[in-house]
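> Fold the stuff below for me.
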Amino acid sequence: MQLSEKQLKIITETASREAVKAHQAYLEEQEKVKHDRRLRNIKLLLKNYRALVLHCQKREDDLLKFEETSILDLDLDEINLESIESIKQSKKKSIAMVHFIKGKIEAYRHNCSQNELKYFRVLEKKYITPKKYTVQEIAKIENIDRATVHRYLNKAMTDLPVIFFGIDAIKFEK
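Numbers count the residues shown, from 1 in each chain. Here you go, the predicted model:
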């Protein structure tokens, strides 16, 4: 059986339309995944903020010790130029990330209205302060329920993507 020109045209147009629809659906899904990944990355950065701060402080202590150490006291079999450069690069990245997070959290605080500062305080106690507070402790300090602590954290997390990632974090309606 041979297809006519008209049948081929109909098949081609239908296949093209379906391919475009599938591609659009794929792009929309990728955009959603990208947005979800950004929010996950913010949570991951905040969750690890205290550890990054400690890492930066430890690296500064290590470098001070290293600068005070004589070249004769170093085990040259274990230390090479690449490892020293690697340590320095890691320290620079960690310090840059700590300053980035600190700056974004400060921007969030400045962006909060008087009524929204409660979200900031809960976020700060949960992730930023040197002392690590539990949800129960935050609830007691803020005089709110544990569920409200989670609600405040979620509200803060919805505000942070634009502060962290700018225009790329905004989901525009189509």
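> And the helices in the protein, which stretches?
With DSSP state H as the criterion, the chain has helices at 5-47, 49-68, 81-111, 117-123, 135-142, 146-165.
> Highest mean neighbour count out of those?
helix 117-123 (a mean of 19; mean count of other Cβ atoms under 10 Å). For glycine as for every other residue, the C-beta is placed from the backbone atoms N, C-alpha and C.
> Can I get that one in CSV? Just the C-alpha atoms.
Presented in CSV, the C-alpha positions along helix 117-123 are these (Å, rounded to 0.1, in the frame of the first residue of the first chain):
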residue,chain,number,x,y,z
LEU,A,117,11.2,39.5,60.7
LYS,A,118,9.8,36.5,62.6
TYR,A,119,10.6,34.4,59.5
PHE,A,120,14.2,35.7,59.5
ARG,A,121,14.7,35.1,63.2
VAL,A,122,13.5,31.5,62.9
LEU,A,123,15.7,30.9,59.8
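> Worst mean pLDDT among the helices of the chain?
When mean pLDDT is averaged over each of the helices of the chain, helix 49-68 scores lowest at a mean of 70.
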